[in-house]
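Participant: coords please:
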Amino acid sequence: MVELVEGKTRPTELGPKKFNMITGSELKTVGLVLRMTKSMYYSRRVVIMDSGFCVLRGLIELAKRGFFASAVIKKRRYWTKYVPGDKIKEYFLDKPVGTSDALHGILDNTPFHIFCLKEENYVMSLMSTYGTMEKGCETKRIIEDGKK
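Facilitator: So this is what the prediction gives:
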């Protein structure tokens, strides 16, 4: 799907775009994410998004519609809402490269996770509405050409 970016030139008589008004406040990024993924609602699929779409409210709204997502967390001017970025950095400060951990949370009765991995110069963080850090059963699949 392609969407025309109108910015401040959008005619006021058209009103707000669909999904921009969530929980009584205007959330433009959330609205854009919901409009762009509408054809995949209730598919139980996963989309990986760039840090520009890292808005927890958007991921939660997608999960409520049966579509799961993950987005890279980056500090712009501030940390993304609900992300204790400075505490995460402090926690990983003395950890060796390759250390991973996760924070678990619930927003609007929808579970989410913040997965973190210590890299050499930074901590890679992903916000997600799917997955776990707990070890589960191993899954094996056979590809059509017969190779494992």
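
Participant: Before we go further, Arg35 is sitting in a helix, right?
Facilitator: Yes: assessed with DSSP: H, G, I helix; E, B strand; the rest coil, Arg35 lies in a helix.

Participant: That one - how many residues pack around it?
Facilitator: By other C-beta atoms under 10 Å, the residues close to Arg35 number 14. Where C-beta positions appear, they are placed from N, C-alpha and C, glycine not excepted.

Participant: Could you number the chain from 193 rather than 1 from now on?
Facilitator: Right, with 193 as the first residue, what we last looked at is Arg227.

Participant: Just list the residues touching the closest residue to Val238 other than its chain neighbours, thanks.
Facilitator: In space, Val238 comes closest to Phe260 once its chain neighbours are excluded; the distance is 4.8 Å by C-beta to C-beta, 6 or more residues apart in numbering. By C-beta atoms under 8 Å, 6 or more residues apart in numbering, the residues touching Phe260 are 236-239, 254, 320-322.

Participant: Put together TSV for these, with secondary structure and pLDDT on each row.
Facilitator: As requested, these are exported to TSV (DSSP: H, G, I helix; E, B strand; the rest coil; pLDDT from 0 to 100):
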residue	secondary structure	pLDDT
Arg236	coil	81
Arg237	coil	83
Val238	strand	87
Val239	strand	87
Leu254	helix	89
Ser320	strand	93
Thr321	coil	91
Tyr322	coil	88
